[in-house]
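J.: the following comprises the amino acid sequence and a computationally predicted model.
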Number of protein chains: 2
Amino acid sequence: MTYCLSLHCREGLAFFSDSRTSAGVDNITIHPKMRVFERRGDRVLCLLSSGNLSNTQAVIALIERDLQAADGPNILNQGNLNETARYVGERVREIRKLDAEALHRAGVAFNINFLLGGQIAGQEPQIFQIYPEGNFIHASRESPFLQIGELKYGKPILDRGFSYDTPLGQAVKFGLLSLDSTARSNLSVGTPFEIFCYRADSLEVRHRLKLEDNDPYLRTVRERWQSGLIQLVRDIPELEVLRS
Amino acid sequence: MTYCLSLHCREGLAFFSDSRTSAGVDNITIHPKMRVFERRGDRVLCLLSSGNLSNTQAVIALIERDLQAADGPNILNQGNLNETARYVGERVREIRKLDAEALHRAGVAFNINFLLGGQIAGQEPQIFQIYPEGNFIHASRESPFLQIGELKYGKPILDRGFSYDTPLGQAVKFGLLSLDSTARSNLSVGTPFEIFCYRADSLEVRHRLKLEDNDPYLRTVRERWQSGLIQLVRDIPELEVLRS
């Protein structure tokens, strides 16, 4: 499985993905699920993928083919982010047309999802989720995060603590905890974790990193979170009735 | 949907359920999913159910029919908890035999699950999960909780904080937070919450309660948890690299 997450807050955007891919329980490998595209000073984009690896790689291959071409539409020359999401959605539909029927005959649904986010100069940052059918939605101040893949384990911490007004540095910690909680509760989601933190209006890729399982920062976050959480529960009063 | 949880710790057992039942999005009603059976001084049992309401009610009806009968096996006269779980599993199989085929023809799987736990005098407390096929597993010191229904949202907090050595009063708070986190992240799981807390070797039903949405204790737990969680994240150091 996969878990990918994007957060949209006032100060910018943050993107997270695990790197585990499974084709059956005995074939678990590591593949990147995060791609970052940059034309410094003009635009920065981040694309996250979940679902059948052959289908997501096929979509990425089309996107890269278009970037190599001398002319024609590509992921870096759309007029705005909405059109960029539509461009990606059209590539999903191309692969759907090629592969969905054969998958369907084998009893497998065509089920890939993408998160796309970033900023184009002079425009607002935004994040989108693109569905297997190629249609898409964007986040909002009221619903400021989008998730794909194994999303349930990591949702409660975001529902409790993350909002559009969360500072970007805090947002990164919430996202990392959401990702690590998922990995802890579901073995098919695992390190290395990729993080891309984008500060609004910077229009450059500055903060992109990969955390391995033994990363000292990741270990600090885990230890502080676990011990803090237990202490927090301890500090909540007990039900009166249980004392009788 | 439903979320039911049972915890097994050194000091005893704790059981939790929401009370929301949905038959489609526009037909959400409240039904109890927790039944407690007591023969004071001899045994205490708690049964939690998830899945198709007509199927779980049918199983409960068989269990109650047997309790009314003058003789024959019933949920309160088995030799140990393992046999009690088998007794419940057999009732699941009876209903499966009656109803599964008609459901299957309508494209609906026979998919009900039960959690059963308690203690019989002179024996250890234990909890079991009974599957739609009537087979079952029990919890262990290493895997000291069992969940049925919409279980993913409420699993991380248990994975991080709950163990067999958690004191019973703390366990109740972990269970309540697991349940409330699920309700917060998934609208189909909701109050009132039912709780039954059983202290090992008491062999009586003392601490059974229902918390409505506006219950002052439930509100305290939510407020303390939410504000404490945000503070906890704030206190974790930021990634050095983000400061550049």
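T.: Great, that's in hand.
J.: got a list of what the nearest residue to A:Asp201 once chain neighbours are set aside touches?
T.: Using C-beta to C-beta, 6 or more residues apart in numbering or on different chains and skipping residues adjacent in sequence, the residue nearest A:Asp201 is A:Gln119, 7.2 Å away. Quick note: C-beta positions are derived from backbone N, CA and C, even for glycine. A:Gln119 is in contact with A:13, A:43-44, A:81, A:125-126, A:198, A:200-201, A:203, counting by C-beta atoms under 8 Å, 6 or more residues apart in numbering or on different chains.
J.: A:Leu242 and B:Gly169 touch, don't they?
T.: Yes. Here A:Leu242 lies in contact with B:Gly169, judged by C-beta atoms under 8 Å, at a distance of 5.6 Å.
J.: what packs against the helix or strand harbouring A:Val221?
T.: Element membership for A:Val221 (DSSP states H and E) is helix A:216-235. Where contact means 3 or more C-beta pairs under 8 Å, 6 or more residues apart in numbering or on different chains; DSSP states H and E, helix A:216-235 is packed against helix A:168-185, helix B:155-161, helix B:168-185, helix B:216-235.
J.: now do it and helix A:168-185, the angle between them.
T.: Angle of helix A:216-235 versus helix A:168-185, following axes from the mean of the first three to the mean of the last three C-alpha atoms, to 10 degrees, is 80 degrees.
J.: pull out the buried positions in helix A:216-235.
T.: Within helix A:216-235, the residues scored as buried using 16 or more other C-beta atoms under 10 Å in any protein chain shown are A:217-218, A:221-222, A:224-225, A:228-230, A:232-233.
J.: give me the average confidence score over it.
T.: Regarding helix A:216-235, the rounded mean pLDDT is 95.
J.: could you do stretch A:13-29 as well?
T.: Computed over stretch A:13-29, the mean pLDDT rounds to 79.
J.: what's the answer for stretch A:94-114, then?
T.: Here the average pLDDT along stretch A:94-114 is 96.
J.: and that stretch, end to end?
T.: 15 Å (C-alpha to C-alpha, to the nearest Å).
J.: quick one: contacts of that stretch?
T.: Applying C-beta under 8 Å, 6+ apart, the contact partners of stretch A:94-114 are A:47-52, A:54-56, A:58-59, A:62, A:88, A:92, A:129-134, A:148-149.
J.: contact partners of the helix holding A:Val221?
T.: Contact with helix A:216-235 is made by A:173, A:176-177, A:180, A:191, A:193, A:211-212, B:157, B:160-161, B:170, B:173-174, B:177, B:224-225, B:228-229, B:232, B:235-237, B:239-240, as judged by C-beta under 8 Å, 6+ apart.
J.: now stretch A:71-79: buried residues?
T.: A:74-78.
J.: ugh, wrong one, I meant stretch A:76-89
T.: Residues of stretch A:76-89 classed as buried by neighbour count (16+ other C-beta under 10 Å): A:76-78, A:81, A:84-89.
J.: give me the nearest residue to A:Glu204, chain neighbours excluded.
T.: The spatially closest residue to A:Glu204, leaving aside those adjacent along the chain, is A:Arg40, at 5.0 Å (C-beta to C-beta, 6+ apart).
J.: ok, that neighbour to A:Leu203 distance?
T.: 7 Å (C-beta to C-beta, to the nearest Å).
J.: give me the more crowded residue out of the two.
T.: A:Leu203 (19 against 10; other C-beta atoms under 10 Å in any protein chain shown).
J.: just the mean pLDDT for stretch A:55-67, thanks.
T.: For stretch A:55-67, mean pLDDT rounds to 96.
J.: so what touches that stretch?
T.: Contact with stretch A:55-67 is made by A:33, A:35, A:47, A:49-50, A:72-76, A:88, A:91-92, A:94-95, A:98-99, A:110, A:112, A:114, as judged by C-beta under 8 Å, 6+ apart.
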